[in-house]
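Asker: how would this look folded up:
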Amino acid sequence: IFAWWAERITGGGADAHERLTELAAAQPVGAHGLVALDWENGNRSVLVDHELSGVIVGLTLATRPEDVYRALIEATAFGTRTIVEAFESAGVTVRSFTAAGGLVKNRFLMQTYADVLRRPISLIGTEQGPALGAAIHAAVAAGAHPDVPTAAEAMGRRIERAFEPRPDAASAYDALYDEYRQLHDHFGRGDDVLHRLRRIRNATLGGHG
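Answerer: I've put the predicted structure just below:
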């Protein structure tokens, strides 16, 4: 979703992401006045509805590209918090996270997640997470280690609590998250406008797309 926005505003590329991140990170929490629902590709959890579409609330003539970019980052973090709360409401406690993949390079994004989730985030100690996972399982299959946890302990490395939630930012995000949840439930469980718009679009395109 970040690439979708960067490509439409700047043509995309790593430099575009770096510049948008730099500008977005310079803002105080809530300064853009936006809340987004990152459903441009539907919602896979917790609503499980691929026909939902994205929403950005609060746009004005003063809204800048980096404002939307930041709102989209926050939306993905809010969506993650919604999933965590669903787990916890079902009795599954979530205390911390370990992140892997290309997005861990974006320190602003990772810090946003820690603040929104109010939980620490650790990082795996390699940029090649899938390859390391395959090697761990191969080592167990070859008999070098008795099981996956033992192999992971021996072969893996984790940077503990690389990102800690900041109390002031977390409190500011709580207020935005309350707004997100209202929009989430309104457009995801209440008003059917997103589905109606899709039906109009599909009818106009002759059922394609």
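
Asker: Let's see the pLDDT reported for the residue of the chain positioned farthest from its centre.
Answerer: Here the chain reaches farthest from its C-alpha mean at residue 143, the gap being 37.5 Å by C-alpha atoms, centre = their mean. Residue 143 is assigned 96 on the pLDDT scale.

Asker: Where does pLDDT dip in this structure?
Answerer: Counting by pLDDT under 70, the chain shows low-confidence ranges at 207-209.

Asker: Recalculate using a threshold of 50.
Answerer: The model of the chain has no residue with pLDDT under 50.

Asker: coming back round to it: the residue farthest from the centre of the chain looks like it's in a helix, true?
Answerer: No. Residue 143 is assigned coil when assessed by DSSP: H, G, I helix; E, B strand; the rest coil, not a helix.

Asker: where's it relative to residue 156, distance?
Answerer: From residue 143 over to residue 156 the distance is 19 Å, taken as C-beta to C-beta, to the nearest Å. Any C-beta I mention is one placed from the backbone N, CA and C, and that applies to glycine too.

Asker: residues touching the residue nearest the centre of the chain, list them.
Answerer: When C-alpha atoms, centre = their mean is applied to the chain, the residue found nearest the centroid is residue 76 (2.9 Å). Counting by C-beta atoms under 8 Å, 6 or more residues apart in numbering, residue 76 touches 1, 38.

Asker: So it versus residue 21, what's the distance?
Answerer: 14 Å.

Asker: cool, and residue 68?
Answerer: Residue 68 is 13 Å from residue 21, by C-beta to C-beta.

Asker: neighbouring strands for whichever strand in the chain runs longest, and are they parallel or not?
Answerer: The residue-count maximum for a strand in the chain (DSSP state E) belongs to strand 158-163. Strand 158-163 pairs in its sheet with strand 121-124 (antiparallel), by DSSP bridges.

Asker: hmm, who's touching the strand it pairs with?
Answerer: Around strand 121-124, the neighbours that count as contacts under C-beta under 8 Å, 6+ apart are 96-100, 104, 110, 113-114, 132, 156-163.

Asker: Just the buried ones from those?
Answerer: Buried members of these, scored by 16 or more other C-beta atoms under 10 Å, are 97, 99, 100, 104, 110, 113, 114, 132, 162, 163.

Asker: Which residues are in contact with the fourth one?
Answerer: What that stands for is residue 104. By C-beta under 8 Å, 6+ apart, the contact list for residue 104 reads 110, 123.

Asker: Need phi/psi at the nearest residue to residue 95 once chain neighbours are set aside.
Answerer: Distances taken as C-beta to C-beta, 6 or more residues apart in numbering place residue 119 nearest to residue 95, at 6.6 Å, with adjacent residues excluded. Note on residue 119: its backbone torsions stand at phi -140, psi 150 [degrees, to the nearest 10].

Asker: can you give me the strands for this structure?
Answerer: 35-37, 55-57, 97-99, 121-124, 158-163.

Asker: Pull up the pairing partners for the third one, direction included.
Answerer: This means strand 97-99. Here, using DSSP bridges, strand 97-99 pairs with strand 121-124 (parallel).

Asker: Any idea how far the strand it pairs with is from the middle of the chain?
Answerer: 15 Å (C-alpha atoms, centre = their mean, to the nearest Å).
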